[in-house]
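Chemist: quick one: sequence and predicted model below, then my questions.
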Amino acid sequence: MKVTKRTFDAVIVGAGGAGLRAALQLAESGLKTAVITKVFPTRSHTVAAQGGVAASLGNSEEDHWHWHMYDTVKGSDWLGDQDSIEFMCRKANEVVIELEHYGMPFDRTDAGKIYQRPFGGHMSNFGEKPVRRSCAAADRTGHAMLHALYQRNVRANTQFFVEWMALDLIRDAEGEVLGVTALEMETGEIVAFQSKATIFATGGAGRIYYSSTNAFINTGDGLGMAARAGIPLEDMEFWQFHPTGVAGAGVLITEGVRGEGGILRNSAGERFMERYAPNAKDLASRDVVSRAMTTEINEGRGCGPHKDFVLLDITHLDPKVIMQRLPGIREISIQFAGADPIKEPIPVVPTAHYQMGGIPTNYHGQVVAPRGNSMSVAVPGFYAAGECACASVHGANRLGTNSLLDLLVFGKSAGETAVEDVKKSTKAHKALPQEAIDRTLARLARLDTQKDGADAHQTRLTLQRTMQNHCGVFRFADKLKEGVTKILEVQQDVQRVAIKDKSKVFNTARIEAIELENLIEVAVSTMISAEARKESRGAHVRDDAPDTAEHPNGRDDDNWLKHSLWFKEGNRLDYKSVKLTPLTVDTIELKKRAY
Amino acid sequence: MDEDRGARLRRLRWHCRRALLELDLMFLRYWQRVGDDVDAATEAALERLLEMEDHDLWELVSGRQETGDPQLKGVLDSLRQA
């Protein structure tokens, strides 16, 4: 079947921070630029980012990009690529000052400079003492950033396709990416977007977990499309968890609650953190608290009918303190846990927050995949940035406030590379291969004609529970092994999901089924990569890879200092080496990650 | 229900996909409770709320800010009850 074709120099999928930053680069260079987005740009999940953006401006005290680089490499547990990390930290000041010029309302010092706050893990002089490096706009940094970028794009004549769902990459027999297919929700029409440069900026896929801080839109659409087009996914076993999300909802309860004196308790009412961290107790680091909570639940000391959460107790605090210092938390607990924390404790569980892995790229924003004898050859016409991409600057664990920096630096970098590539190409657009379009149409037709199929809602729930129970914050060999079998069964169900509503206009059931086909690729890649990595590193912590003298923190550099690559075809894993050589400075040598 | 109204309600539900998880959850429960039982005035009030920026909307939905608009207040009360 023929579909309508629309032709652009560049097409960006996703209108969060990375997509808008990339689009700006392209549109301002005069290229015909389209942005496809399933929600209005300023409803993207970047809005939820509060912490700030890291840049060694040194406005409050002495700072240096090299110290920021050290903190990022250490945070990544040495899995981050040091060339990309140097690139990002060196570019930080430039992209932040650019944003200031776009009208971003950063907090200011009395002297009128950008105000900088301290943040966990930000240190001066190679880990010596804390430094103020985070630039913020009150507690709405992501929101302010997105608005500044959106307005600038409107000025640059970027063409927005709002409430369009991207479906599949269009890739020809030589492996070149020639655009994407997308569905217009308003009409149900399928359109082929033809482009010389296709940039994915589709965000993370936190919705693979039952308990996630991510908004419902974070379904890994770019990762699903890349995987179906034969592109591997890198380091998918690494997910950052937050210890205290409201059980059953995922909404974040800030660390400030424990800072104000909140105590974690098990079903016996015991303050269990005293056993795991006798000194820091409830204020121990995120990973220590998350692991202790998981151990309590796994050993049967969880609360509730399914014994699947613990309690965060602030009932001993003066209600005035709660009302004054934690007002938002009280409202969240009442709304999402049905518990007024003045009278009863809040049920909490470790909750998925950020995806470190993604579509493999280099620091130019080009998507790279194995070809011939090389593990990292640029895929022509294809670029990615932000949480959907893996540059890899976060390695095994992301440093706080580096996510907003990542999307600015690599959004811009992907845009710049795409501009160069499009401008030097003298050829006309290549013809679109009909087979690629037919594959998308067949996928949609299957969905419409499936008889006695699986229920999409139920299947998504099984997927999320499987990931939560088998591949959560603290991992066990037997659970992971069982998890692989289970998630492959869920994959079978996804392939036979049926929808009752066949309408054309705003068929949200169809959209959710399409999202589920993307979620499953992320879930399978996460489970298989996690089961295979037999060490602990950063956010991937295994019970059978404990802290020993030979392997501090369970990290095994002899066998596992390498990136995982998962391929959809045959669920195959391959590995590529970590880039330990930065661009201009000396390698930051391996050592135990300790704070 | 006629086809146009069905499409309008589906569009409205899609506009409840927000940047903040807190709002996603509130709207999910709301629709689970009301189903298609939404009159024209409620529909109009919902549309106005959904035009707002997420943080401002959450301030209203969570009750940290109040509105003097009776139409919006009705929907906000109903959202909180869900």
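Modeler: Yep, that arrived. Numbers count the residues shown, from 1 in each chain, chains lettered A, B, ... in the order given.
Chemist: can I get the CA coordinates of stretch A:223-236 in PDB?
Modeler: What follows is stretch A:223-236, C-alpha atoms only, in PDB (Å, rounded to 0.1, in the frame of the first residue of the first chain):
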ATOM      1  CA  LEU A 223      14.600   2.200  21.600                       C
ATOM      2  CA  GLY A 224      11.900  -0.100  20.300                       C
ATOM      3  CA  MET A 225      12.100   1.400  16.800                       C
ATOM      4  CA  ALA A 226      16.000   1.200  16.800                       C
ATOM      5  CA  ALA A 227      15.900  -2.400  18.000                       C
ATOM      6  CA  ARG A 228      13.400  -3.500  15.300                       C
ATOM      7  CA  ALA A 229      15.600  -1.900  12.700                       C
ATOM      8  CA  GLY A 230      18.600  -4.000  13.700                       C
ATOM      9  CA  ILE A 231      20.400  -1.400  15.900                       C
ATOM     10  CA  PRO A 232      21.800  -2.900  19.200                       C
ATOM     11  CA  LEU A 233      20.900  -1.400  22.600                       C
ATOM     12  CA  GLU A 234      23.900  -0.600  24.900                       C
ATOM     13  CA  ASP A 235      24.200  -1.100  28.700                       C
ATOM     14  CA  MET A 236      20.500  -1.700  29.200                       C
END
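Chemist: please enumerate residues in contact with stretch A:308-328?
Modeler: A:244, A:247-248, A:253, A:256-258, A:260-266, A:272, A:293, A:296-297, A:302-303, A:329-330, A:341-349, B:62, B:64 (Cβ atoms under 8 Å, 6 or more residues apart in numbering or on different chains). In this view, the C-beta of every residue, glycine as well, is placed from N, C-alpha and C.
Chemist: near chain B, which residues of the stretch 451-595 of chain A?
Modeler: A:503, A:505, A:506, A:507, A:508, A:511 (Cβ under 8 Å from any Cβ of the partner chain).
Chemist: from residue A:545, how far off is the last one?
Modeler: The reference is to residue A:511. To residue A:545, residue A:511 is 40 Å away according to Cβ to Cβ, to the nearest Å.
Chemist: where does residue A:515 land in three-state SS?
Modeler: helix (DSSP: H, G, I helix; E, B strand; the rest coil).
Chemist: filter the contacts of stretch A:308-328 down to the ones in helices?
Modeler: If you go by DSSP state H, the contacts of stretch A:308-328 have A:256, A:257, A:258, A:293, A:296, A:297, A:329, A:330 in helices.
Chemist: is the closest residue to the third one other than its chain neighbours in a helix, a strand, or coil?
Modeler: When you say that, I think you mean residue A:258. Using Cβ to Cβ, 6 or more residues apart in numbering or on different chains and skipping the chain neighbours, the partner closest in space to residue A:258 is residue A:282 (4.7 Å). At residue A:282 the chain is in helix, as set by three-state DSSP.
Chemist: do I have it right that residue A:282 meets residue A:275?
Modeler: No: between residue A:282 and residue A:275 there is no contact under Cβ atoms under 8 Å: 12.0 Å.
Chemist: of these two, which one has the most company?
Modeler: residue A:282 (24 against 12; other Cβ atoms under 10 Å in any protein chain shown).
Chemist: what residues are up against that one?
Modeler: Neighbouring residues of residue A:282 by Cβ under 8 Å, 6+ apart: A:258, A:262, A:263, A:264, A:271, A:273, A:289.
Chemist: and with 7 Å instead?
Modeler: Neighbour list for residue A:282: A:258, A:262, A:263, A:264, A:273 [criterion: Cβ atoms under 7 Å, 6 or more residues apart in numbering or on different chains].
Chemist: pretty sure residue A:208 contacts residue A:467?
Modeler: Yes: using Cβ atoms under 7 Å, residue A:208 is in contact with residue A:467, at 5.0 Å.
Chemist: now for residue A:196, how many residues are close by?
Modeler: By other Cβ under 10 Å, 26 other residues sit near residue A:196.
Chemist: show me what the host helix or strand of it packs onto, helices and strands only.
Modeler: Using DSSP states H and E, residue A:196 sits within strand A:190-200. Secondary-structure packing of strand A:190-200 (3 or more Cβ pairs under 7 Å, 6 or more residues apart in numbering or on different chains; DSSP states H and E): strand A:4-13, strand A:177-184, strand A:374-384, helix A:402-424.
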